[in-house]
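Visitor: Take this sequence and fold it.
(one chain, ligands or ions: 2)
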Amino acid sequence: MYALDLCGEFSFPNHIVFGPGRVSELADRVRPWGSQALVVTDEGIHGSGILDRVLEVLRDGNIDYRTFDGVEPNPSGDSVEAGVRRLEGCDFIISVGGGSVIDAGKAIRLRATHGGPLEQYDDLIGGSSLIRGDLPPMVAIPTTAGTGSEVGRSTVITLGGRKTVIFSPALIPTMALCDPALTLDMPRRVTAGTGADALTHNIEAYYARGFHPLCDAIAVDGMRRAMRSLPVAMEEPRDLAARSDMMVAAMMGAIAFQKGLGVVHSLSHPLSTIAGVHHGTANALMLPYALRFNREFIADRSAVVADALGVPAAPNPLETVERIATALENLFQAIGLPARLREVGVQSALICRMADLAMEDGCHLCNPRPVSRQDMVDLYEAAL
Ligand SMILES: NC(=O)c1ccc[n+]([C@@H]2O[C@H](COP(=O)([O-])OP(=O)(O)OC[C@H]3O[C@@H](n4cnc5c(N)ncnc54)[C@H](O)[C@@H]3O)[C@@H](O)[C@H]2O)c1
Ligand SMILES: [Fe+2]
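Guide: Ligands and ions are numbered 1, 2, ... in the order given. Coordinates of the predicted model:
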């Protein structure tokens, strides 16, 4: 099991400072970057006491700061622009929060040196070619263990009602300051939903199309950690070993999905923008159905996944996929996640519009089985 005293510092893929209590190093870490920080966060982090802790470290270290706490879940272009208006005079950015806050910080950082509107940087229209490397420094301090955005090269911003991925190696935070102690008081539903996101990233990345043995190896270890530690983190929220394991699993998921994701993320993005479902919770709702949809295309790779997830493989590989899907359904049910779309208020009347948006989403292009619009409709209906 994960050793509690295992703190680490490594540069892979960006500079990662990892360990319980290490948020106390923040001021010393950012001092070389200048004297004035923009601290990006949201109301939940403001109210949780985590922001106070971070600001205290900055004050004790004589770092000046300005705060922007206006990031909403599934952040919009408007909240990014509101953050940009707070930037004047700041030398660098500190994002303290979950994936929404880290992504908003990345987009604010982009806009510090790049003109608007954000739509022009959409990866689907080749926007990454417009992104230069001259962004101000940024440290990401995750408070959830799910998206792994602290080690990722993309930011997901809701523009015109669509989850828009802006992608560039320049967007990867200069530093990830990962302090698992900041996740000890995460609300149960956030632990469950974000943990499901980490698990989904590792599983979808492993099965994604393409040859990437490096990402595959990371994905297998990431899914193993998330499967063993998410139930523990739910049962014993203050178990630091489990929280640390989940924070590692989240980073591994984001590193692994450099390879690509799949249909689960294309289906979950409209569930967030149209129906307001939390991102990881939306993934948990769709993952078992997507695995069954993919079964003939993933059966030959499923013994490894079954082993990592602690699921006994069956003599018939197709049956192994079914066992994996069932094990995940059981886990999600045990940790209190919804099992059906109607439980989160999704009506069948929304499915047509969501299927159109899911087809426009780029993630399914890496799905092991090609996906049609009718498949999207069928998958939503199966989960309804
Ligand atoms: N950039 C990427 O690669 C990537 C990958 C996956 C998801 N995402 C995006 O990330 C967003 C989801 O991020 P998320 O799942 O981390 O949720 P989130 O950032 O939206 O946070 C959810 C809620 O939990 C609260 N919260 C977070 N940490 C807390 C803590 N420690 N204590 C108390 N409250 C806490 C927040 O205030 C918020 O109200 C979505 O917009 C999604 O599209 C990005
Ligand atoms: Fe995700």
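Visitor: and the residue in the stretch 201-350 of the chain positioned nearest to ligand 1, how many residues sit next to it?
Guide: With distances taken as CB to the nearest ligand atom, the stretch 201-350 of the chain approaches ligand 1 most closely at H279, which sits 3.9 Å away. C-beta coordinates here come from the backbone N, C-alpha and C atoms, glycine included. If you count neighbours by other CB atoms under 10 Å, H279 ends up with 25.
Visitor: what does I125 give?
Guide: By the measure other CB under 10 Å, the count of residues near I125 is 12.
Visitor: Next: the one 4 residues further on.
Guide: As a burial measure, the neighbour count of S129 was computed by other CB under 10 Å and equals 10.
Visitor: Wait, a helix at it?
Guide: Yes. When DSSP: H, G, I helix; E, B strand; the rest coil is applied, S129 is found to be in a helix.
Visitor: Surely I108 touches L38?
Guide: Yes. Assessed by CB atoms under 8 Å, I108 is found in contact with L38 at 7.3 Å.
Visitor: which neighbours do those two share?
Guide: With contacts defined as CB atoms under 8 Å, 6 or more residues apart in numbering, the residues shared by I108 and L38 are 68, 83, 87, 93.
Visitor: which ones among these are found in strands?
Guide: Of these, the ones assigned to strands by DSSP state E are 68, 93.
Visitor: Also near ligand 1: which of the shared contacts of I108 and L38, exactly?
Guide: Counting by CB under 6 Å from any ligand atom, nothing from the shared contacts of I108 and L38 sits close to ligand 1.
Visitor: among the shared contacts of I108 and L38, who's most crowded?
Guide: Sorting the shared contacts of I108 and L38 by how many neighbours each has (other CB under 10 Å) puts I93 first, at 28 neighbours.
Visitor: For the nearest residue to it once chain neighbours are set aside, give me phi and psi.
Guide: Spatial nearest neighbour of I93, excluding adjacent residues (CB to CB, 6 or more residues apart in numbering): M138 at 4.4 Å. Backbone torsions of M138, given as degrees, to the nearest 10, read phi -150, psi 140.
Visitor: who touches M138 in this structure?
Guide: M138 is in contact with 92-95, 105-106, 109, 173-175, counting by CB under 8 Å, 6+ apart.
Visitor: The residue sitting furthest away from the middle of the chain and L328, how far apart?
Guide: Here the chain reaches farthest from its C-alpha mean at P315, the gap being 34.3 Å by CA atoms, centre = their mean. Computed as CB to CB, to the nearest Å, the P315 to L328 distance reads 21 Å.
Visitor: And for G89?
Guide: Look at G89 and L328: by CB to CB, they are 48 Å apart.
Visitor: quick one, which of these two is more surrounded?
Guide: Comparing G89 with L328 by neighbour count (other CB under 10 Å), the higher total belongs to L328, at 21 against 11.
Visitor: which outside residues touch the host helix or strand of that one?
Guide: Here L328, judged by DSSP states H and E, is contained in helix 317-334. When contacts are taken as CB under 8 Å, 6+ apart, the neighbours of helix 317-334 outside the stretch itself are 192, 196, 199, 227, 230-231, 234, 284, 287-289, 291-292, 294-296, 298-300, 302-303, 305-306, 309-314, 339.
Visitor: try it again with 7 Å
Guide: Outside of helix 317-334, the residues that reach it under the criterion CB atoms under 7 Å, 6 or more residues apart in numbering are 196, 231, 284, 287-288, 291-292, 295, 298-300, 302-303, 305-306, 309, 311-314, 339.
Visitor: Now the buried members of these.
Guide: When neighbours are counted using 16 or more other CB atoms under 10 Å, those contain these buried positions: 196, 231, 284, 287-288, 291-292, 295, 298-299, 302, 305-306, 309, 311, 313-314.
Visitor: Any stretches of the protein with poor pLDDT?
Guide: For the chain, the stretches with pLDDT under 70 are 1-4.
Visitor: Give me the distance from the lengthiest helix in it to the chain's centre.
Guide: Counting by DSSP state H, the longest helix found in the chain is helix 213-235. Mean C-alpha position of helix 213-235 versus that of the full chain (CA atoms, centre = their mean, to the nearest Å) differs by 14 Å.
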